[in-house]
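In: Here's my sequence, what's the structure:
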Amino acid sequence: MSVYGPTGAVQGFYTCAFTTEDGRRGLTALTNTSNNGTVHRTMLRTRESALCGKPATSRRTATPPDPAVTNDLAR
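Out: The predicted structure follows:
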């Protein structure tokens with residue numbers, strides 16, 4: 001499945017807005033933290049669950065952050 005949308009970060013905030021190719025599912029999210037691996041992984045799991053219809057995984061089985069998205073984080 002293809003999804004489209006931007007991510008963005010500025011010190012203290014991380015945002016994303018995605019939609020599926022067919023436009024049937026979409027997600028917009030904002031956190032008031034950046035440089036926080038736990039929050040970032042939670043957003044990735046939420047994005048996958050919302051856009052792909054997969055159940056969110058627990059923290060113990062979380063996958064590492066997507067390098068393409070991680071590069072967008074303010075450091």
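In: Return the set of buried residues in whichever strand or helix holds Leu51.
Out: Counting by DSSP states H and E, the element that carries Leu51 is helix 37-52. Of the residues in helix 37-52, 40-45, 47-48, 50-51 count as buried by neighbour count, 16 or more other Cβ atoms under 10 Å. To be clear about C-beta, it is placed using only N, CA and C from the backbone, and glycine gets the same treatment.
In: Determine the set of other helices and strands touching it.
Out: Helices and strands touching helix 37-52, by 3 or more Cβ pairs under 8 Å, 6 or more residues apart in numbering; DSSP states H and E, are strand 13-20, strand 26-31, helix 67-70.
In: Would you mind giving these as TSV with mean pLDDT and mean neighbour count added?
Out: As requested, the helices and strands packed on helix 37-52 are arranged in TSV below (pLDDT from 0 to 100; neighbours: other Cβ atoms under 10 Å):
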stretch	mean pLDDT	mean neighbour count
strand 13-20	90	17
strand 26-31	91	14
helix 67-70	52	11
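In: Met1 is nearest to which of those?
Out: The closest of these to Met1 is strand 13-20. By Cβ to Cβ, the value is 6.4 Å.
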